[in-house]
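Chemist: just coords:
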DNA sequence: GCTTGAATGAAACGAACGTTTGACTTAATC
DNA sequence: GATTAAGTCAAACGTTCGTTTCATTCAAGC
């Protein structure tokens, strides 16, 4: 394999280190050292550490969003009224797979986005993510006519929370490498079953 | 109110700042300034910044754990086989209330514990939390005989994830102060309904 | 061959960090 | 009144941080 260019190597190193140690816990020096690049390369190729983070996040989130959109489109092409289980599968599946792909690194990266209180984190996710989420929101709303918009938003946040935190803790307790693929496949089934039942719950009396 | 001692004021300031800006995003100087104390007071009263964090976390987590244990004990005193809904209420309720109490600060603090990759975070929660969680685990296992231990652990992580992330985002979008209590009470009902259905889901075929 | 512009390199910038020091204040004990 | 210990204070410690500067390398265009 021809050695990739410096820019890509910095992105790879940054994705790994940001996921392992968080944004503030990762120094530009650590990134460039792991990437085998010069310290000034981050400033040259990305402008600043914060802009490097947005580039890393975009590269990770984009394929997940694309898979979610493709799944929803395929679903809507087949039937105008997908079931709750089908929607959960289409929404949570790519989230789950995307997070497993990087050996739970992606999961921690998304946790970092969700939980980092820094102002920089506000611009980490692009508008594309919101667009996809709104489409799923509309589809879920049609499938769950009794659930109010506020409660539906609550439930969709729950999907992201369950997938992110689960992959996170799996990684934490099996320290050395990735979780076993068997466990990963089982967790995916668990998540879809768990979340389908949750999304289908009758809304509580006001 | 007689002004509390320096130690308590540092704990209060640290709880707020750790929740707002994360562990690494909070400097000892910012804490002591907000507390109206001297910079060296942290070293004197707690030893180090990391030990201050463990003191903050323990003060926050302990009442939640106590409420969870009390709720479970009351439940088991009434019936030897509580329902899934009762167990969810006893487990997630104190989590939810504890997180709402601090104006969603606690939620962010727990997110910090869950997601912070720093080595310091390993000792942030004490053994008491694990003990309570194991008792609930056993009670849930009796109420859900068809669910394997691995899947049950997955589902219990889901409860923590849903409560923590929800309170987190409520706080994020309503920037100025606390979420409206109406919204908080509604979200609590939403969470219990959502999670009861999720916990009661039939296990997927292997 | 010379020029141009992108890319990399070594070195330093000022700022902020956690921690430590040693003197000072305060209040209780003998 | 001297002694002791706890607590507070200003100041500095050495380190690490993100960023910038400027010289150098190198391949393509004329």
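Modeler: That came in fine, so what should we check first? Predicted, not measured: the structure shown is a model, and the values here were computed from it.
Chemist: so which residues on chain A come close to DNA strand D?
Modeler: A:26-30, A:39-40, A:42-43, A:48-50 (CB under 7 Å from any atom of the strand). (Each C-beta comes from the backbone N, C-alpha and C, glycine too.)
Chemist: just after the host helix or strand of residue A:150, pick out the following helix or strand.
Modeler: Secondary structure from DSSP states H and E places residue A:150 in helix A:149-173. For helix A:149-173, the succeeding helix or strand toward the C-terminus, using DSSP H and E, is helix A:181-199.
Chemist: show me what that next one is packed against.
Modeler: The contact analysis (3 or more CB pairs under 8 Å, 6 or more residues apart in numbering or on different chains; DSSP states H and E) places helix A:181-199 against helix A:84-101, helix A:149-173, helix B:149-173, helix B:181-199.
Chemist: ok now the lowest-mean-pLDDT helix or strand in chain A, how far from the chain's centre?
Modeler: Least confident helix or strand of chain A, by mean pLDDT, DSSP states H and E, is helix A:105-115 with a mean of 71. Using CA atoms, centre = their mean, to the nearest Å, the mean C-alpha position of helix A:105-115 is found 7 Å from that of the whole chain.
Chemist: and if you look at stretch A:67-86?
Modeler: Using CA atoms, centre = their mean, the offset of stretch A:67-86 from its chain centre is 19 Å.
Chemist: what of stretch A:26-46?
Modeler: Centroid displacement of stretch A:26-46 relative to its chain, using CA atoms, centre = their mean, is 25 Å.
Chemist: now do stretch A:79-93
Modeler: Worked out by CA atoms, centre = their mean, stretch A:79-93 lies 18 Å from the chain centre.
Chemist: residues in contact with that stretch?
Modeler: For stretch A:79-93, the external contacting residues (CB atoms under 8 Å, 6 or more residues apart in numbering or on different chains) are A:67-68, A:71-72, A:74-76, A:136, A:139-140, A:142-144, A:156, A:159, A:162-163, A:188, A:191-192, A:195-196, A:199-200.
Chemist: what's the closest non-adjacent residue to residue A:197?
Modeler: The shortest distance from residue A:197 to any non-neighbouring residue, by CB to CB, 6 or more residues apart in numbering or on different chains, is to residue B:201 (3.3 Å).
Chemist: ok, the one you found - how many residues close by?
Modeler: 22 (other CB atoms under 10 Å in any protein chain shown).
Chemist: go on, residue A:84?
Modeler: 18.
Chemist: just the buried positions in the helix ranked longest in chain A, please.
Modeler: Counting by DSSP state H, the longest helix found in chain A is helix A:49-78. By 16 or more other CB atoms under 10 Å in any protein chain shown, the buried positions in helix A:49-78 come out as A:49-50, A:52-57, A:60-61, A:64-65, A:67-69, A:71-72, A:75.
Chemist: elements contacting it?
Modeler: Secondary elements touching helix A:49-78 (3+ CB pairs under 8 Å, 6+ apart): helix A:6-21, helix A:28-35, helix A:41-46, helix A:84-101, helix A:105-115, helix A:127-143.
Chemist: of all those helices, which one is nearest residue B:19?
Modeler: helix A:105-115 (10.8 Å; CB to CB).
Chemist: shaky segments in chain A?
Modeler: Along chain A, the model assigns pLDDT under 70 to residues A:1-3, A:98-105, A:114-124, A:126, A:166-184.
Chemist: tell me the residues of it that contact DNA strand C?
Modeler: Counting by CB under 7 Å from any atom of the strand, the residues of chain A that sit close to DNA strand C are A:5-7, A:37-41, A:44-45.
Chemist: can you pull the contacts of residue A:191?
Modeler: So residue A:191 contacts A:92, A:96, A:162-163, A:166, B:154 (CB under 8 Å, 6+ apart).
Chemist: can you put those residues in CSV and add distance to residue A:205?
Modeler: Formatted as CSV, these follow (distance: CB to CB, whole Å):
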residue, distance to residue A:205
A:92, 28
A:96, 32
A:162, 25
A:163, 29
A:166, 30
B:154, 29
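Chemist: in the residues you listed, find the pair that's most separated.
Modeler: A:92 and B:154 (13.2 Å).
Chemist: picking up where we left off before, report the separation between the residue nearest to residue A:197 and residue B:144.
Modeler: Applying CB to CB, to the nearest Å, the value for residue B:201 to residue B:144 is 9 Å.
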